Structure formats: structure tokens, C-alpha cells
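Novice: Just the structure for this:
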Amino acid sequence: MAKFKAIRLSEIRSGVVLGSPICDSQGNHLLEGGVEVTDAWLKRLNRRGVRAVVVNEADISLATGGATATDQRAASDAKSRSPAAAPASSAAAASLSRHELPPGEPFAQCITRPGAVPYEPRTVQRFANEFRANVQSMVPVLSSLAADRTADLSVVSEVTSGSLDLAIEDFDLFAGYSANLGTGDYPSRHSIHVAMLAMSMGINMQLDVAALEELAIGCLVHDIGMLRLSESTLEQRGELGLESDSALAKHPALTMTILLKQGAADFAKSSLMVAYQMHERCNGGGYPCGTCAAEIHFLAKIAAVADMFVELITPLPRRPALLPHRAVRKILDEVKRRALDADAVRALLDTLSVYPIGSFVELSDHRLAKVIRATKGEHVSPIVEIQDAAVPGGEPLVLDLAADDEFRVTKAVAQPESVTV
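Specialist: Residues are numbered from 1 along each chain as shown. Predicted coordinates for the structure are as follows:
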């Protein structure tokens, strides 16, 4: 039986990979075994007031420094022997860790898609905790920028870096958070949803780490200008085809002015272009400038698709939320109008499927299922978890519809009231 011991968070070194999970004092997993400890992760725990963690005694030497090759082997052995060790995460199975990836190489090399397996419950809970912490950390940053007060812009980079770590751990769970909407904390919550989806799409488009970080930063700050608009103007959110001279259509210019004034010019130029251009449309029908495809930054084209999806499934004053499947259909209509970039929309389908992760569907045998994973290239045949059904041992029943000719999706349905996301 593995023995665990509490140590100070400040003792843990960045860059190490432990064989067993790092837990809090209640036994909740803060980081799964096989996932790299990063500076961003340590900073997030510090912001949340975590000062001590619990680790496997076999991992302590490796975690705190002075590790030898024997220590590394002991940690690896502990991972395979220990009943308390978590199932191997996608990060552990990936061919390269994030920090081993050569500059310019696609970040997708760090991602392993697990196939038809359910989410690990402790990973789901930890993702939820990280998401809430990220939202709360971004709220004062965006509000301070909008009010012309000094803001800690390092938080934006920390949220971005931490998001890449989450994507490695479970890509589909990470991508699906774009549809796991809550209320309040606008624009922080909305911007994080958009950033997570845009990064997921960018990973499927073979972007490298630098491009993904620049894309995410632009998404995280893109709606700062909205905080300077009146309530009546904000009620126009979600309307398509806004006139370029409307008050709402001017918010990207406000955002750019705020960023440049507050010292965010240190952000990469491409991040600023994402924030400024993500409401432009390839056919010239967007805002603030009515720019056409050739003059829109390619990262902004990705962000535009992610932002539209999140906006369409969000309930707004002038319209109800669309079902995620209907939102995808609406986006496909926009491609036909040449408003959105076809490659970016294809990445959306590869990331979420036509029946997006997190949504509910009815199968051809009339069973209710929840979409939990997408299969790249199989846009109408996602991986689903059958509701109210389990295999022996209590595991949820999971079907890969791309590999099972017996069942197919017949229609998208609303989330049942009895189901808790």
C-alpha cells in the first residue's frame, strides 16, 4: 500500500513529472500522475491559497529536488504498483511533453485522444475547479483594464499556459468546456470559453505553442471594450449583421485603445489582431472595419468561429440560446455565405463534431446519450455516453458511433432536467 505525505507547495519543483497524483488535504486530485508540474500550475494554486499538498512518499525526492535515476525509477514503479495511483492520463501517453516540443512543431504532438472511454471523475472535478479559478482571476484584470487602472497582465499568460496543460490531460473534456456554460462574470467567463474552444481548434489545425498562446490571449481580452458600453447597447449582443457604425460594433476599437494605453502592447501583435478582428467576416460583413478575408489575420478567423459558437449557445436578452447542434448548423450556413473561414469551421467540427461535446442526442434505438468525445473526420459519429446505463463494475456505457454501425444519432435534444452536467 502506497504511503502519502504532506509537503509545502513551495518545495515542489517546476518541470517534474510524478508517478502518482498530487492531492489536497481532502484527497482531491490537484494534478494527475504523469502530468508535468508547471510554473503556471504552481502559481494558480498559490492564488487559490493552497500552501500544502499531499504526495506519494516515493515521489518526494523527485518532487523536491536531488532526484537520481533511482528516484525516477521508483516513481515510475510506484505509479504502476500503487492502488491509489490514477489511471494514466493522456499526457503520460503522449509521445512528447509540452516542454520537450521543439519550437514551431505542432502542439498536437502532445495530445493523445483516448478513444471510447469515459471521463475520469476526479479530472472532471479538477477541471471545474481550475475553470472557476481562471474566471475569478480574469475578472479583476478585465475590469481594471476597462477602468484605466493598472492590471496584472501576467494573469492572462498564466491562464493561457495553464489551459494548454489541461488540454494535454484530456483534450475532449477541455474542448467541451466551451459548451458547459454558466452565468455571470461577463466578459471573463465568456472570454475563457472562447479561448478554450479556439485553442482546441488551433490544436487540430496543427498550430504550435506560440501561435496557440497568441490566439488564446487575444480571445481572453477581446471584449474589454464591452465593459465601457451602456446596458441598452449590451442588449444587442448576439445579433448578426450589426451595422459597422452601431455602438456595439465599435467595441473592438475600444478594446484596442484600452490595451495599447494600459501597456498590453507587450502582447504579440497577432494577439492584438485577434482581439481587434475576431468580429470581422470573410465576406466583408463584419465589424469594426468591414475587412475582407485576405486582410483578416488567420488567428482571428479561428477566434471568429469559436466566438460565434459560444455566443449562439448563450442565452441573451434578445434571443434564447440555441442547442449546440443548431449552433453548428447556423455556423455552416455562415460558411455558405462566405462569412466564416472554411478551414476554421472544419476544425470546429473536428474538435466538437456536428453534435457538440457536452450536448445530448437521441440514438436510433431511442436511447438518450451525451456526447463526450469527437472523432476527427467523423463529424456525425461522435463518442457518446449512454444515460442510465452502465457496464459491469459501474462504469458508464460508452459507444464510439464511428466504429459501431448498429447505432447512429437521429436527433439532437435539449439537456434533460434530471441530468446534471
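Novice: can we go C-alpha only for contacts and neighbour counts from here?
Specialist: Will do.
Novice: Look at the closest residue to K250 other than its chain neighbours and tell me its secondary structure.
Specialist: Spatial nearest neighbour of K250, excluding adjacent residues (Cα to Cα, 6 or more residues apart in numbering): P288 at 5.9 Å. Secondary structure state of P288, per DSSP: H, G, I helix; E, B strand; the rest coil, is coil.
Novice: doesn't T255 make contact with P288?
Specialist: No - counting by Cα atoms under 8 Å, P288 stays clear of T255, with 11.3 Å between them.
Novice: Would you map out the domains in this structure?
Specialist: In the assignment given by automatic domain parsing, the structural domains of the chain cover 4-82, 121-352, 360-413.
Novice: most tightly surrounded among these?
Specialist: Counting by mean count of other Cα atoms under 10 Å, domain 121-352 has the highest mean neighbour count of the domains of the chain, with a mean of 20.
Novice: Within the helices and strands, which one has L166?
Specialist: L166 is part of helix 154-169, with elements assigned from DSSP states H and E.
Novice: that older thread, need the pLDDT of the residue nearest to K250.
Specialist: pLDDT, P288: 92.
Novice: can you check the one 4 residues further on too?
Specialist: Per-residue confidence at C292 stands at 96 (pLDDT).
Novice: Likewise for V139?
Specialist: 94.
Novice: That one contacts H190, doesn't it?
Specialist: No - using Cα under 8 Å, V139 is not in contact with H190, being 11.0 Å away.
Novice: Wait, V371 touches P382, no?
Specialist: Yes - the criterion here is Cα under 8 Å, and V371 meets it with P382 at 6.5 Å.
Novice: okay, and the common contacts of the two?
Specialist: Y355 (Cα atoms under 8 Å, 6 or more residues apart in numbering).
Novice: Nearest spatial neighbour of V159, chain-adjacent residues omitted?
Specialist: Nearest one to V159, counting by Cα to Cα, 6+ apart, is N134 at 6.2 Å.
Novice: What are the phi and psi values at A151?
Specialist: phi -130, psi 150 (degrees, to the nearest 10).
Novice: Leaving out chain neighbours, which residue sits closest to it?
Specialist: Here the residue nearest A151, using Cα to Cα, 6+ apart, is V141, at 5.3 Å.
Novice: The one you found should be in a helix, yeah?
Specialist: Yes - under three-state DSSP, V141 sits within a helix.
Novice: I'd guessed it sits against R149; true?
Specialist: No - counting by Cα under 8 Å, V141 sits too far from R149 to count as a contact (9.2 Å).
Novice: Quick check: closest non-adjacent residue to M256.
Specialist: M256's closest residue in space is Y276 (Cα to Cα, 6+ apart), at 6.4 Å.
Novice: ok, now how distant is that neighbour from A300?
Specialist: Here the criterion is Cα to Cα, to the nearest Å. By it, Y276 lies 8 Å from A300.
Novice: Then I386?
Specialist: Taking Cα to Cα, one finds I386 at 37 Å from A300.
Novice: Can you list the low-confidence ranges for the stretch 251-400 of the chain?
Specialist: 263-265, 389-394 (pLDDT under 70).
Novice: Okay, helices next: where are they in it?
Specialist: For the stretch 251-400 of the chain, the helices defined by DSSP state H, counting those that start in this stretch occupy 251-261, 269-277, 298-312, 324-336, 342-352.
Novice: next one: the stretch 1-150 of the chain
Specialist: Counting by DSSP H, counting those that start in this stretch, the helices of the stretch 1-150 of the chain are 39-47, 60-64, 69-81, 90-93, 121-146.
Novice: For the last one, enumerate the helices and strands it packs against.
Specialist: Which is helix 121-146. Applying 3 or more Cα pairs under 8 Å, 6 or more residues apart in numbering; DSSP states H and E, one finds that helix 121-146 contacts strand 29-31, helix 154-169, helix 188-204, helix 251-261.
Novice: Can you add distance to E378 and give those back as JSON lines?
Specialist: As requested, the helices and strands packed on helix 121-146 are exported to JSON lines (distance: least, Cα to Cα, whole Å):
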{"stretch": "strand 29-31", "distance to E378": "31"}
{"stretch": "helix 154-169", "distance to E378": "21"}
{"stretch": "helix 188-204", "distance to E378": "14"}
{"stretch": "helix 251-261", "distance to E378": "36"}
